[in-house]
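Trainee: Have a look at this fold, sequence not included:
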């Protein structure tokens, strides 16, 4: 716009400046050639006018200049300058038109380049976001890898529960409380098995779960509560909640579509967890469920390995192990313990007369008598066949002798009735103690075994301690 105004001003100044040329030409003070050259200078600003001004304005200026020259110069010298003005106009118009095309192409190119840069920037942002999400995913995968490795190192249920709590604390920075419930299969209710408080002092009173835990237990679905006081799903008017938390995520622990517990993470901040956190906790819950299932299987296998399948008593190998442990403890502390070994009298006769099925029932019957008679501290084992052994920690020989005699009487007074037949059961018993009578497990076994067979030789159904 400024260039346009400047060109018009210069043009009209030059146009006004040629007025004296007519007088000079008339007096022959200037040649016609020089006058034409001077008039030719009008074409320079006129070209700029055509380049910068609108076409209508450029045409008007050109026509005005031509008429002006024709009116001032009555001689033929003005025809060539006037023609040059129109040629300059045509040149300016052509240049303007071409210049517009070039400018338009440059604008289109610029727009395309800007669009390309915008797309490129958007791609860069998306790539950065994807990289960040990928890094976050890789970080979670590494964490899950560590979880799997840690779970693989533990076998017992208690160790698995401890590992779960420790892992949850390290994976959720905003966690202020972690709760792990197991399901009581008989009562079908939740029991708090593990918990951890992080930077809070509020006591945990909901030992059987609160409204949120019961919701997960009932629906078997994970939940995310951003604000416990504004979530329309839960009415807290009559609910006595523990303090110290404002938001939570909770997921069920399941094995073969059967819920075995609930894993829950609380925070004292509102909206502390996202859907991504809930999904991550759900994955950890799946891994934890597998680890718990393995621990249950491990306990079962371990239990099968040390318990007799018929009677449920400890097996011979476990008895030998416990006997070694008790011997070492007794020798270190000087505390006396005793060993009772009993053998059912005439058991072969029962098998021959009634069959092995009845023999198994007799063994189970005697097992029930032994479990009801002895305290929990006693280690009751099926030594082999119809023989049983009982380790009595912190029990001297005199007390063991009284227990053995009472046990013999209890077995004798507890017959088994099968098919309206009463089968009387009796047992011969031998006892020995350590370290009073023996110093090693083998010595103790040899001694108690010899006394058992002594009781057999002396007429059966008796206790022998000498």
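Mentor: Happy to help now that I have it. Note that the structure is predicted; figures quoted are calculated from it, not measured.
Trainee: what about the residue nearest the centre of the chain, distance to residue 403?
Mentor: In the chain, the residue lying closest to the centroid (CA atoms, centre = their mean) is residue 280, at 3.0 Å. When CB to CB, to the nearest Å is applied, the distance between residue 280 and residue 403 equals 57 Å. All C-beta atoms are positioned from the backbone trio N, CA, C, and that covers glycine.
Trainee: Ok, residue 119 next?
Mentor: Distance check for residue 119 against residue 403: by CB to CB, it reads 90 Å.
Trainee: Check the gap between the closest residue to residue 324 other than its chain neighbours and residue 247 for me.
Mentor: Sequence neighbours aside, residue 441 is the residue nearest to residue 324 in space, at 5.4 Å (criterion: CB to CB, 6 or more residues apart in numbering). From residue 441 over to residue 247 the distance is 59 Å, taken as CB to CB.
Trainee: ok, now residue 398?
Mentor: The separation that residue 398 has from residue 247, given CB to CB, amounts to 65 Å.
Trainee: of these two, who's got more company?
Mentor: residue 247 (21 against 12; other CB atoms under 10 Å).
Trainee: Could you find the closest non-adjacent residue to the more buried one?
Mentor: Nearest non-adjacent residue to residue 247, counting by CB to CB, 6+ apart: residue 272, 4.8 Å away.
Trainee: Mind giving me the packing neighbours of the helix or strand where residue 343 lies?
Mentor: Using DSSP states H and E, residue 343 sits in strand 337-344. Secondary structure elements in contact with strand 337-344, counted by 3 or more CB pairs under 8 Å, 6 or more residues apart in numbering; DSSP states H and E, are helix 316-333, helix 356-373, strand 387-392, helix 397-412, strand 427-434, helix 441-457.
Trainee: wait, which of these is closest to residue 299?
Mentor: Closest approach to residue 299 among those (CB to CB): helix 316-333, 14.6 Å.
Trainee: What is the neighbour count of residue 115?
Mentor: Residue 115 is flanked by 10 other residues according to other CB under 10 Å.
Trainee: What strand or helix carries it?
Mentor: Using DSSP H and E, the secondary-structure element containing residue 115 is helix 79-153.
Trainee: just residue 196 next, same as before
Mentor: Assigned by DSSP H and E, residue 196 falls within strand 189-197.
Trainee: Next, the angle strand 189-197 makes with the helix or strand following that strand.
Mentor: Following strand 189-197 in sequence order, the next helix or strand is helix 211-219 (DSSP H and E). Between helix 211-219 and strand 189-197, the angle comes out at 140 degrees (axes from the mean of the first three to the mean of the last three CA atoms, to 10 degrees).
Trainee: Name the strands paired with whatever helix or strand comes next after helix 211-219 and say parallel or antiparallel.
Mentor: In the C-terminal direction, the helix or strand that comes right after helix 211-219 (DSSP H and E) is strand 223-225. In its sheet, strand 223-225 lies beside strand 247-255 (antiparallel), with partners assigned from DSSP bridges.
Trainee: List the buried residues for the strand it pairs with?
Mentor: 247-253 (16 or more other CB atoms under 10 Å).
Trainee: Could I get these in JSON lines, plus columns for distance to residue 262?
Mentor: Shown next, in JSON lines, are those (distance: CB to CB, whole Å):
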{"residue": "247", "distance to residue 262": "17"}
{"residue": "248", "distance to residue 262": "11"}
{"residue": "249", "distance to residue 262": "11"}
{"residue": "250", "distance to residue 262": "6"}
{"residue": "251", "distance to residue 262": "7"}
{"residue": "252", "distance to residue 262": "6"}
{"residue": "253", "distance to residue 262": "6"}
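Trainee: got the angle between the strand holding residue 343 and helix 316-333?
Mentor: Counting by the same axes, to 10 degrees, strand 337-344 lies at 150 degrees to helix 316-333.
Trainee: Show me the strands paired with strand 337-344, marking each as parallel or antiparallel.
Mentor: The partner list of strand 337-344 in its sheet, established with DSSP bridges, is strand 387-392 (antiparallel), strand 427-434 (antiparallel).
Trainee: Quick check: buried residues in the last one?
Mentor: Judged by neighbour count using 16+ other CB under 10 Å, the buried positions of strand 427-434 are 427-434.
Trainee: quick check: domain ranges of this protein?
Mentor: Here the domain assignment for the chain is 1-151, 157-304, 316-464, based on automatic domain parsing.
Trainee: among these, which is nearest residue 310?
Mentor: Distances from residue 310 to each of these were compared by CB to CB, and the smallest falls on domain 316-464, at 6.0 Å.
Trainee: gap between that closest one and the chain center?
Mentor: Its chain's average C-alpha position is 53 Å from that of domain 316-464, according to CA atoms, centre = their mean, to the nearest Å.
Trainee: and residue 386, what is it in contact with?
Mentor: Residues in contact with residue 386, defined by CB atoms under 8 Å, 6 or more residues apart in numbering, are 343-344, 347, 363.
Trainee: Redo the residues you listed as a markdown table? Include distance to residue 354, neighbour count and pLDDT.
Mentor: What follows is these, written out as a markdown table (distance: CB to CB, whole Å; neighbours: other CB atoms under 10 Å; pLDDT from 0 to 100):
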| residue | distance to residue 354 | neighbour count | pLDDT |
| --- | --- | --- | --- |
| 343 | 19 | 21 | 94 |
| 344 | 13 | 21 | 94 |
| 347 | 11 | 19 | 90 |
| 363 | 13 | 21 | 93 |
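Trainee: want to throw these into TSV with distance to residue 456?
Mentor: Shown next, in TSV, are the contacts of residue 386 (distance: CB to CB, whole Å):
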residue	distance to residue 456
343	7
344	11
347	12
363	18
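Trainee: that older thread, give the next helix or strand downstream of the strand holding residue 343.
Mentor: Next in sequence after strand 337-344, counting helices and strands by DSSP H and E, comes helix 347-354.
Trainee: List the buried residues for stretch 457-466?
Mentor: By neighbour count, with 16+ other CB under 10 Å as the criterion, the buried positions of stretch 457-466 are 461-465.
Trainee: before we move on, what about stretch 212-227?
Mentor: Neighbour counts over stretch 212-227 (16+ other CB under 10 Å) mark 212-213, 215-217, 222-226 as buried.
Trainee: With stretch 320-340 instead?
Mentor: Of the residues in stretch 320-340, 320, 322-323, 326-327, 330, 336-340 count as buried by neighbour count, 16+ other CB under 10 Å.
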